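J.: Have a look at this fold, sequence not included:
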């Protein structure tokens, strides 16, 4: 839905194939190829939140262990915040981490820094798998500012061979209000209904 919103209403036009990475409670990749978002048979194509980033790691709600979402998503950030609250260090919400990191908050920067290697590993793998090096960060990522963009870009680039690294582009997508997200979600259904 966020990728569809960016394609329909985003300020920057997408040129060629792209990977839209949306961060919220979980992490999702929308793969945009030849003018269409590839969804897969069950709509799970691009579910990078369930890439295994730690062998035999933390249990995931999907039934596996070591999934990206357990280290770099709203779930992981919530755990870090709860641990910090217990010691009186933080009172943020998971959706506030990226903007607070951008403004220099030490705790938020620590949480982001701990998540970056996991995110970068998954993104580098996805880039190598798809051969797409145009990345657009959506959802809560879009609130991360230059701090998140620089940290993530540098970490992803460092995991790619030179020829792939030289083509890597990464930018923050637009920040959307819920009305725009609902419109983007409804657009494909309405288009198919009226095309009948």
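T.: That came through fine. Since this is a predicted model, take the numbers as computed values, not measurements.

J.: so for the host helix or strand of residue 124, what's the average pLDDT?
T.: Using DSSP states H and E, residue 124 sits within helix 106-130. The average pLDDT within helix 106-130 is 94.

J.: helices or strands up against that helix?
T.: If you count contacts as 3 or more C-beta pairs under 8 Å, 6 or more residues apart in numbering; DSSP states H and E, helix 106-130 packs onto strand 18-23, strand 27-33, helix 74-86, helix 97-102, helix 145-157. C-beta here means a position set from N, CA and C on the backbone, and glycine is covered the same way.

J.: Could you figure out how far the third one is turned away from helix 106-130?
T.: Orientation note: helix 74-86 sits at an angle of 160 degrees relative to helix 106-130 (axes from the mean of the first three to the mean of the last three C-alpha atoms, to 10 degrees).

J.: hey, which of the helices and strands packed on helix 106-130 is tucked in deepest?
T.: strand 18-23 (a mean of 25; mean count of other C-beta atoms under 10 Å).

J.: what comes into contact with that one?
T.: 2-3, 6, 27-32, 37, 46, 48, 73-74, 98, 123, 126-127, 130, 132, 134-141, 173 (C-beta atoms under 8 Å, 6 or more residues apart in numbering).

J.: mind listing what that strand pairs with, with the direction of each?
T.: Next to strand 18-23 in the sheet, as set by DSSP bridges, lie strand 27-33 (antiparallel), strand 134-139 (parallel).

J.: Show me how far that strand is from its chain's centre.
T.: Between the centre of strand 18-23 and the centre of its chain there are 5 Å (C-alpha atoms, centre = their mean, to the nearest Å).

J.: measure residue 141 to residue 114 for me?
T.: Per C-beta to C-beta, to the nearest Å, residue 141 is found 16 Å from residue 114.

J.: of the two, who's got more company?
T.: Using other C-beta atoms under 10 Å as the criterion, residue 141 and residue 114 rank with residue 141 on top: 24 against 14.

J.: The more buried one - that's part of a strand, no?
T.: No. Assigned with DSSP: H, G, I helix; E, B strand; the rest coil, residue 141 falls outside any strand and is helix.

J.: gap between the nearest residue to it once chain neighbours are set aside and residue 147?
T.: In this structure, residue 141 finds its nearest non-sequential neighbour in residue 23, 4.4 Å apart by C-beta to C-beta, 6 or more residues apart in numbering. For residue 23, the distance to residue 147 (C-beta to C-beta) stands at 14 Å.

J.: low pLDDT regions in the protein?
T.: Along the chain, the parts satisfying pLDDT under 70 run over 11-12, 43, 89-90, 175-196.

J.: can you pull the contacts of residue 125?
T.: Residue 125 neighbours (C-beta under 8 Å, 6+ apart): residue 51.

J.: For residue 115, see how far away it is.
T.: Distance from residue 125 to residue 115, by C-beta to C-beta: 16 Å.

J.: Kind regards, and thank you for your time.
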